[in-house]
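Asker: Fold the following and give me the result.
(one chain, ligands or ions: 1)
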Amino acid sequence: PASLGNVRRIVLTGFMGAGKSTIGRELAARLGWKFLDLDHHLEQRTQATIPELFERHGEPHFRRLESAALVSTLALTDTVIALGGGTPEIHTNRLLIEQAPGTLTIFLDAPFPVLFDRCVLQALNPGATDRPVLKDPVLAESRFRLRQPLYRRLARLTQPTEDQTPAETVTAILERL
Ligand code: S3P
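Answerer: Below you'll find the model as predicted:
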């Protein structure tokens with residue numbers, strides 16, 4: 001895309017089930033860039049799963065590790081980075097993303113019921129990662145509401161993903177760049 005100009009990395013944000021990992025991998029492939037999934041990176045770095053990190057010392061501990069991982073990933077170039085759904089809830093994380101030069105942030109948007117259904121389907125896949133924040137659907141929806149404005153403000157582009165395959169969403173993103 002012609003307008004990529006001084007964009008050196010693309011950050012994908014949005015709630016669980018938005019398609020950050022699937023769309024991110026495909027977008028990176030079509031740009032000839034690398035792809036990094038923040039949750040996966042964190043699991044590799046700590047040699048623990050996301051639920052283990054939550055269980056061991058609680059969510060605040062997970063968030064500290066997540067912030068540390070975010071700092072190092074924001075130094076990468078020619079890379080599409082998929083955040084965790086909760087990464088933008090932390091104020092310093094939002095500042096880090098906003099202040100990393102050459103970062104284009106895209107919000108992958110969909111209504112809560114669509115996201116919830118996608119997560120339930122994804123959980124049926126063998127090897128699917130558990131999502132501790134999704135355990136209580138009522139709490140999950142309240143966090144969805146809390147985060148919506150944060151995602152929107154953080155991103156330069158908001159891309160709807162409802163009624164679209166991940167490949168169609170990638171095409172739509174590339175057309176908007
Ligand atoms: C979380 C989302 C997950 C993961 C962790 C917490 C959240 O990432 O970081 O389970 O608070 O919404 P995905 O959005 O990639 O599932």
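Asker: Let's check: the centremost residue of the chain is which one?
Answerer: L83 (3.0 Å; CA atoms, centre = their mean).
Asker: Can you report phi and psi for it?
Answerer: phi -80, psi 170 (degrees, to the nearest 10).
Asker: quick one: it from the ligand, how far?
Answerer: Distance of L83 to the ligand, computed by CB to the nearest ligand atom, to the nearest Å: 7 Å. Placement of C-beta: from N, CA and C, glycine included.
Asker: Now tell me what touches the longest strand along the chain from outside.
Answerer: In the chain, taking DSSP state E as the definition, the longest strand is strand 103-109. By CB atoms under 8 Å, 6 or more residues apart in numbering, the residues outside strand 103-109 that reach it are 7-14, 18-20, 23, 74, 97, 151-152, 154-161, 169, 173, 177.
Asker: partners of it, with directions?
Answerer: strand 9-13 (parallel), strand 157-160 (parallel) (DSSP bridges).
Asker: Find the one among the ones you listed with the highest mean neighbour count.
Answerer: With neighbours defined as mean count of other CB atoms under 10 Å, the strands paired with strand 103-109 peak in mean count at strand 9-13, which reaches a mean of 26.
Asker: With the ligand as the reference, measure out to S142.
Answerer: 12 Å.
Asker: oh sorry, the question was meant for L53
Answerer: 9 Å.
Asker: any idea how far that residue is from A69?
Answerer: When distance is defined by CB to CB, to the nearest Å, L53 is 11 Å away from A69.
Asker: What of H91?
Answerer: 17 Å.
Asker: which of the contacts of strand 103-109 are close to the ligand?
Answerer: With the criterion set as CB under 6 Å from any ligand atom, the members of these near the ligand are K20.
Asker: Show me which residues of this structure sit near the ligand.
Answerer: So the chain meets the ligand at M16, K20, D39, I50, G84, G85, G86, R131, P132, V133 (CB under 6 Å from any ligand atom).
Asker: which of the residues you listed are buried?
Answerer: Buried by 16 or more other CB atoms under 10 Å: M16, K20, D39, I50, G84, G85, G86, R131, V133, out of the residues of the chain next to the ligand.
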